[in-house]
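[1] Sharing a sequence plus its predicted fold:
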Amino acid sequence: MKVCNQHVLRVCLFFLVTVPAFGQRVTLGIDAGQTSDKFGTQPSTSSFEYGIDGQVTVLKSNEKKGGPSIVAGGEILVPADAANHAKEYAIYGGPMFQAHNLTIGVTAQIRKLFLPVASFDGQVFNRQNMELLELPLTIKYNFLSSKHAFVQVQGAPEFSPRFRTSVPNPFSLPSPTLDHGYFLRGSAGYIFGKFYAKATYQTRYFKFDSNAGNPSGLYNWRTDMIMGGVGFAF
């Protein structure tokens with residue numbers, strides 16, 4: 001918990017420094033909800049989850065000349081039960097093209113997943129942490145006369161992760177080989193002046209080859225998360 005609080009503090013400080021430095025649109029929010037995870041043939045488990053996320057428009061597009069805005073941001077997701085669920089940290093950045101009420105963009109995203117330990121044949125194994133490069137497509141639509149209501153969808157295939165062993169021991173598994181994976185996220189919300197509220201649903205899936213690095217499918221992972229949150233929009 002102490003490490004998590006340090007990460008949250010760093011994110012908050014980053015945005016406090018960034019707002020006056022760039023003077024562009026910034027959002028900063030807190031979310032809470034539930035995550036459900038299933039690894040291989042193990043039963044599905046659920047846990048309370050909370051997070052913090054933020055985004056800043058580093059470079060705003062010129063309405064007359066057109067072109068994209070450049071955004072950057074990040075998020076932290078932390079489960080209450082870290083023994084059975086993954087912690088996540090991510091940063092991203094990229095262009096966003098706007099046409100009337102519709103915004104479309106593709107960002108480059110680096111995400112780190114701290115996977116929980118696994119049990120197999122009566123032994124406990126440390127799953128390796130995963131570092132992901134993701135290129136999600138983002139589509140956002142603002143509606144109603146004020147354009148304060150919005151829906152947003154994101155999605156991308158998963159590329160082969162880079163694995164990192166956090167705590168080496170004799171029972172660490174070798175790195176598995178990715179077969180396929182994807183993630184999808186949908187959000188809906190409303191902006192009340194400088195505040196906003198939103199609800200988010202996300203699903204993520206990894207399927208790895210059946211080999212020595214993935215006995216009994218211990219790395220095969222399906223996670224579903226539903227969260228609600230509030231935040232500031234400057």
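    All right, it came through fine.
[2] Can you list the neighbours in contact with whatever helix or strand A72 lives in?
    Using DSSP states H and E, A72 sits within strand 69-79. Under the criterion Cβ atoms under 8 Å, 6 or more residues apart in numbering, residues 4, 7-8, 11, 14, 35, 47-61, 85-96, 98, 105, 107, 225 lie in contact with strand 69-79. In short, each C-beta sits where N, CA and C put it, glycine included.
[3] Any buried residues in that strand, and which?
    Using 16 or more other Cβ atoms under 10 Å as the test for burial, strand 69-79 gives 69-79.
[4] got it, and stretch 139-154?
    140, 142, 150, 152, 154.
[5] Can you check what pLDDT the model gives the last one?
    According to the predicted model, the pLDDT of Q154 comes to 97.
[6] Next: K87.
    96.
[7] who does L137 bridge with?
    V106, G155 (DSSP bridges).
[8] Hmm, it is touching Q154, no?
    Yes - here L137 reaches Q154: they are 6.9 Å apart, a contact under Cβ atoms under 8 Å.
[9] before we move on, back to that, take the buried residues of stretch 139-154 and keep only those in strands.
    140, 142, 150, 152, 154 (DSSP state E).
[10] Show me which pair in these is furthest apart.
    Using Cβ to Cβ, those reach their maximum pairwise distance at N142 and Q154, which is 15.9 Å.
[11] now the helix or strand G93 falls within, how far from the chain's geometric center?
    If you go by DSSP H and E, G93 is part of strand 87-99. Taking Cα atoms, centre = their mean, to the nearest Å, the mean C-alpha location of strand 87-99 is offset from the chain mean by 10 Å.
[12] Please export the C-alpha coordinates of it as CSV.
    Provided in CSV are the C-alpha atoms of strand 87-99 (Å, rounded to 0.1, in the frame of the first residue of the first chain):
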residue,chain,number,x,y,z
LYS,A,87,-1.9,-4.3,-10.3
GLU,A,88,-1.5,-2.2,-13.4
TYR,A,89,0.4,1.0,-14.3
ALA,A,90,0.3,2.6,-17.8
ILE,A,91,1.4,5.7,-19.6
TYR,A,92,0.4,6.7,-23.2
GLY,A,93,0.5,9.5,-25.8
GLY,A,94,-0.5,10.1,-29.3
PRO,A,95,-2.6,12.2,-31.8
MET,A,96,-6.3,12.8,-31.6
PHE,A,97,-8.3,14.0,-34.7
GLN,A,98,-11.5,15.9,-34.1
ALA,A,99,-14.4,16.4,-36.5
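[13] List the neighbouring strands of that strand plus their orientation.
    strand 69-79 (antiparallel), strand 102-106 (antiparallel), strand 108-114 (antiparallel).
[14] in that strand, what counts as buried?
    Across strand 87-99, burial judged by 16+ other Cβ under 10 Å covers 87-94, 96, 98.
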